[in-house]
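*Asks:* requesting a structural model of the entry that follows:
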Amino acid sequence: MNPTDAQLWAGALGYLLPLAIAVVAQPRWSGAVKGLLMLVVAVLDGLGTAYFNGDFDGKPIITCILVAAVAIGVAYHTVWKPSGIAPGIERATSIGGTPAQAAHGA
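*Replies:* A predicted model of the protein is given here:
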């Protein structure tokens, strides 16, 4: 099965979206809340890429959402988190200070 343009765009955007998520996410939020935010962003990515590529119907939408979710998760855990870029953005854009654990690198 060859990926569609919409799926490719969903995946490509998914690799960059952890940086946008890090701007909104707060270091003090639980993993569940951050995961829910990621899923909301993946849904928006999938809907947008399906719509703008003319694939806005049923299965292509779901496929784009799933591709986006996987790309966001893989990119965050293999590129943006280990490099310290995403956590650094979270700390820099944190409202109300940074928790003591994050400030000491624990």
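
*Asks:* enumerate every residue touching Gly54.
*Replies:* Going by CB atoms under 8 Å, 6 or more residues apart in numbering, Gly54 touches Ala6. Every C-beta, even on glycine, is put in place using the N, C-alpha and C of the backbone.

*Asks:* what helix or strand is it on?
*Replies:* Using DSSP states H and E, Gly54 sits in no helix or strand.

*Asks:* in the protein, which spans are helices?
*Replies:* 5-24, 31-52, 59-75, 85-92, 100-103 (DSSP state H).

*Asks:* using PDB, write out every CA atom in the third one.
*Replies:* These are the backbone C-alpha positions of helix 59-75, laid out as PDB (Å, rounded to 0.1, in the frame of the first residue of the first chain):
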ATOM      1  CA  LYS A  59     -11.100   6.000   6.300                       C
ATOM      2  CA  PRO A  60      -8.600   8.600   4.900                       C
ATOM      3  CA  ILE A  61      -9.300  10.900   7.900                       C
ATOM      4  CA  ILE A  62      -8.800   8.100  10.400                       C
ATOM      5  CA  THR A  63      -5.600   7.000   8.700                       C
ATOM      6  CA  CYS A  64      -4.200  10.600   8.700                       C
ATOM      7  CA  ILE A  65      -5.000  10.900  12.400                       C
ATOM      8  CA  LEU A  66      -3.300   7.700  13.200                       C
ATOM      9  CA  VAL A  67      -0.200   8.600  11.100                       C
ATOM     10  CA  ALA A  68       0.000  11.900  12.900                       C
ATOM     11  CA  ALA A  69      -0.300  10.400  16.300                       C
ATOM     12  CA  VAL A  70       2.400   7.900  15.600                       C
ATOM     13  CA  ALA A  71       4.700  10.500  14.000                       C
ATOM     14  CA  ILE A  72       4.200  12.900  16.900                       C
ATOM     15  CA  GLY A  73       4.900  10.200  19.500                       C
ATOM     16  CA  VAL A  74       8.000   8.800  17.700                       C
ATOM     17  CA  ALA A  75       9.400  12.300  17.000                       C
END
